[in-house]
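**Student:** Please find the sequence and the predicted model below.
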Amino acid sequence: MNLRQWFDLTFGARAHQEALEWAGKVFTFGEIDARSNRMARALEARGLAKGDRLCVYLANSIEMIDIYIACVKLGVIFVPINILYRDREMSHILSDAEPKLLITEKEIPALLEEAAKLSGDKLPDSGLTGNDVAALVYTSGTTGVSKGAMLTHNNFAVNAQNLIEAWRIVPQDRFLLAPPLFHVHALGNGLHCWLLSGCRMRLLERFDHNTAVEQFLDFKPSLFFGVPAMYVRLLETPAAQAREIGKRMRLFVCGSAPLPAQILEEFRALFGHTILERYGMTETIMNVSNPYDGERRPGSIGLPLPNVRIKIIKPDGAPANDGETGELWLQGSNVFAGYWKRPEATEAAFVDGWFKTGDIGVRASDGYFTLSGRKSDLIISGGFNIYPREIEEFLMEQPEIAEAAVAGEADRVRGEIPVAYIVWREGAKHDAAALEARCREKLASFKIPRRFEAIEKLPRNALGKVQKHLLCPAS
């Protein structure tokens, strides 16, 4: 089956059910279906056909949803662009994807006017299969040129069905979605879980910590997908309001960046919910999740999702035993079809059908996986391997620290040394010597940061992932 066939199951069975809240208005699934049909005809009138690429440079909006579903129905390949990108980054994607059309906010009024004049009737079958590419989602490009991951109809459908089953998503859920739709977090997980489950969703243009509590209290969601930076902000919620929100919530999910164990514990104490942490990436959407029922282990990403196979490979190429650290390799229907126009990069990313994630982790004897960081983040100091996340987790346990990141800095003697970048809590004493002393009590000597740099905030991308290459040139 292709995604259109999956979407049609919901559009047909739940045509009169309230589906989407956007900008104070409520739309039924039937209205979403008709809107996307009109949008598809407007795109056809502009010359788009099956296999063409359509780039969108838009913030979250109902129009972005219209365009995505229209692309699915036409067989046009959807190419979302991070709205934080500027000319150089955009130029690379436009040159690489070679789109038939680029849609930005200024084009939306004319496109909507064209769509309004056209029929919302059902479109003819475009002859798509589950193996056809539905979207090109470009990697962040922090360690090299950004590459377009070819995500198929099957990739999205299998992923959504996995999550609907694993996280018990039902039509009765009220789903609050705030991450940007240009990222697989909201596009691959959020949008598809909504459309395949038939639940009711409120879409936010963005997560605004000044109005987040108001959104929760007003919409009364049962389901929320967020990133660590959002949960850090939600810790500012007054206790009475946090309890009120917690009473109605069924599940808080976190991903796209590591969730410090300390934040999970503080959130549980305030809201009465244990955040469910999971692990995915652009090329594979979702791989691993803490269980809905059972232990949601602090600091762990949990257990493999159905039909996702994982093995850990040590630096010498040998399979790792439980408790041994190595790179995670994956197989499954969630794994992408390769990099757009980059056969060499695709070939380099796979070994005998296994996708090399570049993420370093360890498997416990009971099957739970824990990540140590990116392979590219590894610090080799005097011959010792240092995984920054271990140090970062310890630093985040310190009461005076709001955020912390550890990166490698070039050193003439040791090759690299770990340097900690600290965001101190407001009013906290900046005592680097005391912090170093605590590190020496708990960490091996080679893991002790050689400096503790105070900074106002950590550089993050749109999903809250720390961009360490901006902290330290050698990281």
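**Tutor:** Good, I have the coordinates. Residues are numbered from 1 along each chain as shown.
**Student:** Could you pull out the buried residues of the lowest-mean-pLDDT helix or strand in the chain?
**Tutor:** In the chain, no helix or strand scores lower on mean pLDDT, DSSP states H and E than strand 384-386, which sits at a mean of 78. For strand 384-386, burial by neighbour count (16 or more other Cβ atoms under 10 Å) applies to residue 386. C-beta coordinates here come from the backbone N, C-alpha and C atoms, glycine included.
**Student:** packing partners for that strand?
**Tutor:** On a contact count with 3 or more Cβ pairs under 8 Å, 6 or more residues apart in numbering; DSSP states H and E, strand 384-386 meets strand 379-381.
**Student:** Indicate each strand paired with the strand it packs on and its parallel or antiparallel sense.
**Tutor:** strand 384-386 (antiparallel) (DSSP bridges).
**Student:** Flag the shaky bits of this structure, pLDDT-wise.
**Tutor:** Scanning the chain for pLDDT under 70 picks out the ranges 140-144, 383, 472-475.
**Student:** Residue 444: neighbour count?
**Tutor:** Per other Cβ atoms under 10 Å, the neighbour tally for residue 444 reads 11.
**Student:** Kindly format the C-alpha coordinates of the following helix or strand past the least confident helix or strand of the chain as PDB.
**Tutor:** For strand 384-386, the following helix or strand on the C-terminal side (DSSP states H and E) is helix 388-396. Coordinates of each C-alpha in helix 388-396 appear next as PDB, following Å, rounded to 0.1, in the frame of the first residue of the first chain:
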ATOM      1  CA  PRO A 388      30.900  13.200  26.100                       C
ATOM      2  CA  ARG A 389      27.400  12.200  27.200                       C
ATOM      3  CA  GLU A 390      28.700  10.400  30.300                       C
ATOM      4  CA  ILE A 391      30.300  13.600  31.500                       C
ATOM      5  CA  GLU A 392      27.300  15.700  30.400                       C
ATOM      6  CA  GLU A 393      24.900  13.500  32.400                       C
ATOM      7  CA  PHE A 394      27.000  14.000  35.500                       C
ATOM      8  CA  LEU A 395      27.300  17.700  35.100                       C
ATOM      9  CA  MET A 396      23.500  18.000  34.600                       C
END
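**Student:** domains for this structure, by residue range?
**Tutor:** 3-271, 378-470 (automatic domain parsing).
**Student:** Let me know which of those domains is the nearest to residue 354.
**Tutor:** Residue 354 sits nearest to domain 3-271 of all these, at 16.5 Å, using Cβ to Cβ.
**Student:** so how far is that closest one from its chain's centroid?
**Tutor:** Relative to its chain's centre, domain 3-271 lies at 11 Å (Cα atoms, centre = their mean, to the nearest Å).
**Student:** Begin at 875, not 1, for the rest of this chat.
**Tutor:** Yes, from this point I'll number from 875; that puts the last item at domain 877-1145.
**Student:** Ends of it, what's the gap?
**Tutor:** Start-to-end span of domain 877-1145 (Cα to Cα, to the nearest Å) is 36 Å.
**Student:** Please report phi then psi for residue 1145.
**Tutor:** The phi/psi pair for residue 1145 (degrees, to the nearest 10) reads phi -100, psi -10.
**Student:** now it: how far from residue 1139?
**Tutor:** As defined by Cβ to Cβ, to the nearest Å, residue 1145 lies at a distance of 11 Å from residue 1139.
**Student:** Name the residue in those two with the higher neighbour count.
**Tutor:** More crowded of residue 1145 and residue 1139, by other Cβ under 10 Å: residue 1145, with 24 against 14.
**Student:** got a list of what the more buried one touches?
**Tutor:** The contact partners of residue 1145, by Cβ atoms under 8 Å, 6 or more residues apart in numbering, come to 1108, 1111, 1116, 1117, 1119, 1120, 1123, 1126.
**Student:** Please apply the same query to residue 1173.
**Tutor:** 1134, 1135, 1138, 1244, 1267.
**Student:** May I ask you to confirm that the fourth one belongs to a strand?
**Tutor:** So the one you mean is residue 1244. Yes. Under DSSP: H, G, I helix; E, B strand; the rest coil, residue 1244 falls within a strand.
**Student:** Verify the contact between it and residue 1261 for me.
**Tutor:** No. Using Cβ atoms under 8 Å, residue 1244 is not in contact with residue 1261; the gap is 10.4 Å.
**Student:** can you pull out the helices in the stretch 975-1124 of the chain?
**Tutor:** In the stretch 975-1124 of the chain, the segments counted as helices under DSSP state H, counting those that start in this stretch are 982-990, 1027-1040, 1058, 1066-1071, 1086-1093, 1102-1108, 1113-1122.
**Student:** Turn these into JSON lines, columns for mean neighbour count and distance to residue 1079.
**Tutor:** Below are those laid out as JSON lines (neighbours: other Cβ atoms under 10 Å; distance: least, Cβ to Cβ, whole Å):
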{"stretch": "helix 982-990", "mean neighbour count": "15", "distance to residue 1079": "13"}
{"stretch": "helix 1027-1040", "mean neighbour count": "22", "distance to residue 1079": "23"}
{"stretch": "helix 1058", "mean neighbour count": "30", "distance to residue 1079": "19"}
{"stretch": "helix 1066-1071", "mean neighbour count": "25", "distance to residue 1079": "16"}
{"stretch": "helix 1086-1093", "mean neighbour count": "17", "distance to residue 1079": "11"}
{"stretch": "helix 1102-1108", "mean neighbour count": "21", "distance to residue 1079": "14"}
{"stretch": "helix 1113-1122", "mean neighbour count": "15", "distance to residue 1079": "20"}
